[in-house]
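Chemist: Test case, fold it:
(4 chains)
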Number of protein chains: 2
Amino acid sequence: MSKPRSAALAPDSAAEAGDDRGLPEDAIYEQIHHAVARQDLAPGTRLREEELRRIFNVSRTRIRNVLTRLAYAGVVTLEPNRGASVARPTPKEAHDNFIARRAVEEAIVRLAAARVTPADLARLEANIDAECAARQAGDQTAMVWLSGEFHTLLAEIAGNTILARILRDLITREALVIATYERQGKPSCSHEEHSAILAALQRRDADTAARLMLEHLGNVEDRLYFDPPERDTDLSRIFGRLEKGGAG
Amino acid sequence: MSKPRSAALAPDSAAEAGDDRGLPEDAIYEQIHHAVARQDLAPGTRLREEELRRIFNVSRTRIRNVLTRLAYAGVVTLEPNRGASVARPTPKEAHDNFIARRAVEEAIVRLAAARVTPADLARLEANIDAECAARQAGDQTAMVWLSGEFHTLLAEIAGNTILARILRDLITREALVIATYERQGKPSCSHEEHSAILAALQRRDADTAARLMLEHLGNVEDRLYFDPPERDTDLSRIFGRLEKGGAG
DNA sequence: ATGGCTCGGATTGTCGACAATCCTATGAGA
DNA sequence: TCTCATAGGATTGTCGACAATCCGAGCCAT
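Modeler: Alright, predicted model coming up:
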């Protein structure tokens, strides 16, 4: 969050992002999408075309296309003549996102319960272990990413491409919601809950898995802080107070 | 379906589509999206940029942007160096779409049951009446559109923008599925089922409404015909038959 | 000092031209 | 007659340049 934008977009493998010429459009899309999901790009961050063009070493046309798609995914907002910036969800959008995600995740976990294989269970367990390790190492970024990855894995196991695609965007937007509205202590996902879901899947108990998933997602929402609905609302409230109480 | 493409895209109000200069991008997007939802654009129809440019009287850049977005929505497919064509869902995609839609619609109808107002009920009833009228008039296009509109109305009533947006794309893609796999007699939606859902909403009976909705959507899928999974599979099957039975 | 105005730099929006690619029609050869 | 190669037209992909718009700095009047 505090690192410069170019660092957020040119991750560990710097050569892949900056050096290679003609990086395909999809790869650029993925990098930005991923950077938002990792919370490396904070909500509201401006995404200047020229800057992105230099980072990815492509023409502005490509960048423009990518931004158009990201806007459709709800990851960035596109204001006319003002350019693109990382989306800053309103409380309403945040709430809608949670509700949508609950619906999609319930369907996915039920499908997954019916199709899960031992190999799948092993992958899920590995993910939980990795998240635990990240938690103990205090690596907040890795934790957020891995706990999202757990859900992506479930979508893959469920085997429904359309739901997986939808969930991907919902998860990334939820990362923006969390980044915007999190309280001080920010335990975004608890690995115990993931473990419980895994156990239910192991028993192919779709109903329990679905119930646990809904509780899990509800817990995430409860940990957020929505009270000051908008930053700019402060102004109008102050104005109202001045009018009512009298300032002169 | 049998009318020329330009007619499909320049509907009743021809002036709006062809004459006005500088039609905004969103409007072009809507027109194409809508034309697909109405089944005026058959699956697989090629969408040449030059042709669209002439129809909407804008530059190719705009058309290109619109096609990019439609591809993201899954309404058109974009093959490199081959251009755009209306999506032709595979049986797998069709099935995934039905499952996704069931999940989204269940969530929506439950939300709608909790929030529905008398005015909303009236709007839903008007929609059902219009669909009945279209059915008696034998207007297949209007029927398909109105029966989809019923679900769009529900999404609006539910008040969740994200789910509404998702459902919109799912419905349009389902129109493509139906156009691809429908049997001879094609009663795509039964207004009795819509009426039953409406009655449940009137009682604010979310569980019943959800159950009816799922049955309703399941019925739609059951009316389709998936047996010949792909057109090009025929070739390999014929080849296999020649090999086995001997053709010389 | 404050509020409004103007101007310059920076950024985005749009377009036309050119390069790259693909499909089709044509004709030579077996 | 059939297959293969080739040339031509048609279509898409890419880029750079210019126009339109916006933001902020600096100046002027009050």
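
Chemist: Chain B contacts on chain A?
Modeler: By the rule Cβ under 8 Å from any Cβ of the partner chain, the part of chain A lying against chain B is A:65, A:68-69, A:72-74, A:92-93, A:96-97, A:99-100, A:102-104, A:106-107, A:111, A:160-163, A:166, A:170. C-betas here are computed from N, CA, C, even on glycine.

Chemist: 6 Å instead, please
Modeler: Applying Cβ under 6 Å from any Cβ of the partner chain, we find that chain A lies next to chain B at A:65, A:68-69, A:72, A:96-97, A:99-100, A:103, A:107, A:160-163, A:166.

Chemist: Help me confirm that A:Leu146 is found in a helix?
Modeler: Yes - counting by DSSP: H, G, I helix; E, B strand; the rest coil, A:Leu146 falls inside a helix.

Chemist: excluding its backbone neighbours, what's nearest it?
Modeler: Using Cβ to Cβ, 6 or more residues apart in numbering or on different chains and skipping residues adjacent in sequence, the residue nearest A:Leu146 is A:Glu131, 4.2 Å away.

Chemist: For stretch A:95-105, which residues meet the burial criterion?
Modeler: In terms of neighbour count (16 or more other Cβ atoms under 10 Å in any protein chain shown), stretch A:95-105 has its buried residues at A:95-105.

Chemist: Also within reach of DNA strand D: list those from those residues.
Modeler: Applying Cβ under 7 Å from any atom of the strand to the buried residues of stretch A:95-105, one finds that nothing falls near DNA strand D.

Chemist: Among those, name the ones in helices.
Modeler: Of the buried residues of stretch A:95-105, the ones assigned to helices by DSSP state H are A:95-105.

Chemist: one step back: what is the nearest of the residues of chain A next to chain B to B:His33?
Modeler: Comparing the residues of chain A next to chain B against B:His33 with Cβ to Cβ places A:Tyr72 closest, at 12.2 Å.

Chemist: circling back to that earlier point, just the element for the residue nearest to A:Leu146, please.
Modeler: Using DSSP states H and E, A:Glu131 maps to helix A:118-137.

Chemist: quick one: low-confidence parts of chain A?
Modeler: A:1-22, A:184-189, A:227-248 (pLDDT under 70).

Chemist: how about the residues of it near DNA strand D?
Modeler: Residues of chain A lying near DNA strand D by Cβ under 7 Å from any atom of the strand: A:22, A:25, A:58-62, A:81-82.

Chemist: and chain A, which of its residues are near DNA strand C?
Modeler: Residues of chain A lying near DNA strand C (Cβ under 7 Å from any atom of the strand): A:46-50, A:60-61, A:64, A:78, A:80-84.

Chemist: who wins for most neighbours among the residues you listed?
Modeler: Among the residues of chain A next to DNA strand C, the one with the most neighbours (other Cβ atoms under 10 Å in any protein chain shown) is A:Ala84, at 24 neighbours.

Chemist: out of the buried residues of stretch A:95-105, who's nearest A:Thr117?
Modeler: Ranked by distance to A:Thr117 (Cβ to Cβ), the buried residues of stretch A:95-105 are led by A:Glu105 at 19.9 Å.

Chemist: now that closest one, nearest residue through space, not along the chain?
Modeler: Take A:Glu105 and drop its neighbours on the chain: the residue closest to it by Cβ to Cβ, 6+ apart is A:Met213, 5.3 Å away.

Chemist: That neighbour in helix, strand or coil?
Modeler: helix.

Chemist: ok, now how distant is it from A:Leu201?
Modeler: Look at A:Met213 and A:Leu201: by Cβ to Cβ, to the nearest Å, they are 10 Å apart.

Chemist: ok so, going back, could I get the residues of chain A next to DNA strand C in TSV, plus columns for secondary structure?
Modeler: Shown next, in TSV, are the residues of chain A next to DNA strand C (three-state DSSP):
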residue	secondary structure
A:Arg46	strand
A:Leu47	strand
A:Arg48	coil
A:Glu49	helix
A:Glu50	helix
A:Arg60	helix
A:Thr61	helix
A:Arg64	helix
A:Leu78	strand
A:Pro80	coil
A:Asn81	coil
A:Arg82	coil
A:Gly83	strand
A:Ala84	strand
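
Chemist: Take these and lay them out in TSV including distance to A:Ile178.
Modeler: Formatted as TSV, these follow (distance: Cβ to Cβ, whole Å):
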residue	distance to A:Ile178
A:Arg46	21
A:Leu47	20
A:Arg48	25
A:Glu49	27
A:Glu50	30
A:Arg60	32
A:Thr61	33
A:Arg64	29
A:Leu78	23
A:Pro80	29
A:Asn81	30
A:Arg82	25
A:Gly83	25
A:Ala84	21
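
Chemist: most centrally placed residue in chain A?
Modeler: A:Thr172 (2.3 Å; Cα atoms, centre = their mean).

Chemist: residue of chain A with the smallest distance to DNA strand C?
Modeler: A:Gly83 (2.9 Å; Cβ to the nearest atom of the strand).

Chemist: so what's that residue bridging to?
Modeler: A:Glu79 (DSSP bridges).

Chemist: That one and A:Glu50, how far apart?
Modeler: Remark: distance between A:Gly83 and A:Glu50 (Cβ to Cβ) = 10 Å.

Chemist: for stretch A:111-123, the distance to its chain's centre please.
Modeler: Here stretch A:111-123 shows a centroid-to-chain-centroid distance of 24 Å under the convention Cα atoms, centre = their mean, to the nearest Å.

Chemist: in that stretch, what's buried?
Modeler: Neighbour-count burial for stretch A:111-123 flags A:111-113, A:116, A:120 (criterion: 16+ other Cβ under 10 Å).

Chemist: For the residue nearest to A:Glu105, grab the count of nearby residues.
Modeler: Neighbours of A:Met213 under the rule other Cβ under 10 Å: 24.

Chemist: That one contacts A:Val109, doesn't it?
Modeler: Yes - using Cβ atoms under 6 Å, A:Met213 is in contact with A:Val109, at 4.7 Å.

Chemist: Which segments of chain A make up each domain?
Modeler: Annotated domains of chain A cover A:5-86, A:91-222 [automatic domain parsing].

Chemist: highest average neighbour count across the ones you listed?
Modeler: Mean neighbour count (mean count of other Cβ atoms under 10 Å in any protein chain shown) peaks for domain A:91-222 among these, with a mean of 18.

Chemist: Now the terminal residues of that domain, how far apart.
Modeler: End-to-end distance of domain A:91-222 (Cα to Cα, to the nearest Å): 13 Å.
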